[in-house]
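J.: Below are the sequence and a predicted model; questions follow.
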Amino acid sequence: MPEIVPGRPEALKGSAAAAVLLMLFHEDEAAQILSRLEPEEVRQLGYAMYDVADVDPEEVNEALDHFVTKAKKRTTIGYGATRHIRGAMTKALGEERAETILARITPPTRSTQLEMLKWMDAKEIAALIEMEHPQIMAIVLAHLEAPVAADVLQLLPAEYQEEIVYRIATPGPVSNEALDDLEQLLLRSPVKKTGAASPRGGPLEAAAIMNNVRKDNEQRIMKAVAKRDKMIAQTIEEEMFVFDNLIDMDDKNLGTLMRTVDSAVLVVALKGVNDMLKAKIFSCMSARAAQAIADEIEERGPIRLAEVMDSQKLIIATARRMADAGTIMLGGKGNDFV
C-alpha cells in the first residue's frame with residue numbers, strides 16, 4: 001500500500017485516471033479504445049487528456065500504481081501531448097471527424113500577442129487592420145471570438161469580406177513576410193507583445209464567424225465564396241448548422257423535420273447526445289413514437305461514434321434540403337425577419 005504523504009495531491013479518479021491510462025498507451029492501442037466508446041465518452045476523455053497532460057509522477061503513482069513503472073519511463077505524459085491525442089483521435093475516427101472533435105476540445109494556446117486583441121472593441125480592431133492585406137485580416141479574425149470577428153468583418157471593406165472568409169476557411173502556411181507584417185502591425189497597436197501567434201482557422205472558425213453575421217451579409221459573402229470554391233462554401237455551411245443546433249429550432253419546425261426522418265437513423269443519431277436535446281426532440285413526437293425510439297436506443301447498446309456522426313449528418317442534410325425548399329426554418333439568427 002503506498003505511503004500517505006501530507007500535502008500530496010489526491011489520486012486522480014474517473015475520466016482523469018482513464019485519460020492518464022490512454023496517454024500511456026501507444027496511439028494504435030488508444031485508437032482501438034476510443035473507437036469503441038460512446039460519443040460523449042470520447043469528448044469527456046478528450047478534455048481529460050488535455051487536463052492531465054502535465055500530471056505529476058506522484059499523481060500517476062496514486063491513480064494507477066500498477067502502471068508506475070511504465071509511467072516513470074516517460075519524462076512527462078505531457079511530452080508530445082497534442083501529437084499523441086491528435087494521432088489517436090485520427091486513427092480512431094478518421095481525419096475529418098477527428099478534426100471536428102479536436103476543434104471543440106483543444107484548449108486555446110496561451111500567451112499569444114493576438115489574444116491581447118480581446119481587450120479592444122470591434123471598431124478599434126477594424127481600424128487597425130483595414131489597410132492590411134486580406135491574409136493579415138484573416139489571421140486576426142481567426143483569433144477573435146466569433147461574435148467580435150463577425151462585427152469586425154462587417155466593418156471591413158465589402159470587397160475584402162469574401163476573401164477574408166475564404167482565407168479563414170482554408171488556412172495554409174503563412175509566409176514569413178506576412179508574419180513580419182503582422183508583428184509590425186501589433187507593435188504599432190496598443191497591444192503589448194507577449195509571445196508568438198499560434199495557427200488558427202479552418203471551416204469551423206469561418207462557420208462560427210458567419211453564424212454571427214447579419215443574414216443579408218451572410219448570403220452575399222457565402223455566394224461569393226461558393227463562386228470561388230464550391231466545396232469550401234459547402235464545408236462552411238455544413239459547420240454553420242450542426243446536430244446540436246436542432247435544440248434551437250421551434251417545436252413546429254423540429255416536428256416537421258422529425259416526421260421525415262427514418263426511425264432507424266434517428267435511433268443511431270440520438271445515441272450519446274445530451275438529455276436536453278433528446279428531450280427536445282422527443283417532445284416534438286407523439287408519446288408512443290418517442291417511447292419506441294427511447295426503448296430501441298436502450299436495446300441497441302454501444303454504437304460506433306462514426307455511425308452516430310454519419311446518421312446525424314443525414315438528418316442535418318435533410319434539414320438543409322427542407323430549409324432550402326422553404327418547408328422548415330432552421331432558426332439560429334433570431335434577429336432576422338422577413
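T.: Received it, and whenever you're ready, just let me know what you need. Residues are numbered from 1 along each chain as shown.

J.: low pLDDT regions in the stretch 101-250 of the chain?
T.: For the stretch 101-250 of the chain, residues meeting the criterion pLDDT under 70 lie at 103-104, 106-116, 173-176, 178-180, 183, 187-201.

J.: need the strands for it, in chain order.
T.: For the stretch 101-250 of the chain, applying DSSP state E, counting those that start in this stretch gives no strands.

J.: Distance of residue 236 relative to residue 244?
T.: Distance of residue 236 to residue 244, computed by Cβ to Cβ, to the nearest Å: 17 Å. Yep, even glycine has a C-beta here, placed from its N, CA and C like the rest.

J.: For these two, work out which one has more neighbours and name it.
T.: More neighbours surround residue 236 than the other of residue 236 and residue 244, with 29 against 12 (other Cβ atoms under 10 Å).

J.: Contacts only, for the closest residue to residue 225 other than its chain neighbours.
T.: Closest residue to residue 225 apart from its sequence neighbours, by Cβ to Cβ, 6 or more residues apart in numbering: residue 233 at 4.5 Å. For residue 233, the contact set (Cβ atoms under 8 Å, 6 or more residues apart in numbering) comprises 222, 225-226.

J.: In CSV, list these along with distance to residue 139 and neighbour count.
T.: Compiled in CSV, these are given as follows (distance: Cβ to Cβ, whole Å; neighbours: other Cβ atoms under 10 Å):
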residue, distance to residue 139, neighbour count
222, 21, 20
225, 18, 24
226, 23, 16
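
J.: just to revisit the earlier point, and the residue nearest to residue 225, how far from residue 224?
T.: From residue 233 to residue 224 the distance is 9 Å (Cβ to Cβ).

J.: again with residue 41
T.: Per Cβ to Cβ, residue 41 is found 41 Å from residue 224.

J.: ditto for residue 309
T.: Per Cβ to Cβ, residue 309 is found 30 Å from residue 224.

J.: Mind checking which of those two has more residues around it?
T.: Higher neighbour count among residue 309 and residue 224: residue 309, with 20 against 17, using other Cβ under 10 Å.

J.: In terms of residue numbering, what are the domains of the protein?
T.: With automatic domain parsing as the criterion, the domains of the chain are listed as 14-105, 113-238, 243-324.

J.: who wins for proximity to residue 330 among those?
T.: For the domains of the chain, the distance to residue 330 is smallest for domain 243-324, at 4.9 Å, taking Cβ to Cβ.

J.: tell me the helices in the stretch 51-200 of the chain, going along the chain?
T.: 57-63, 68-72, 81-93, 95-105, 122-129, 134-142, 146-155, 158-169, 176-188 (DSSP state H, counting those that start in this stretch).
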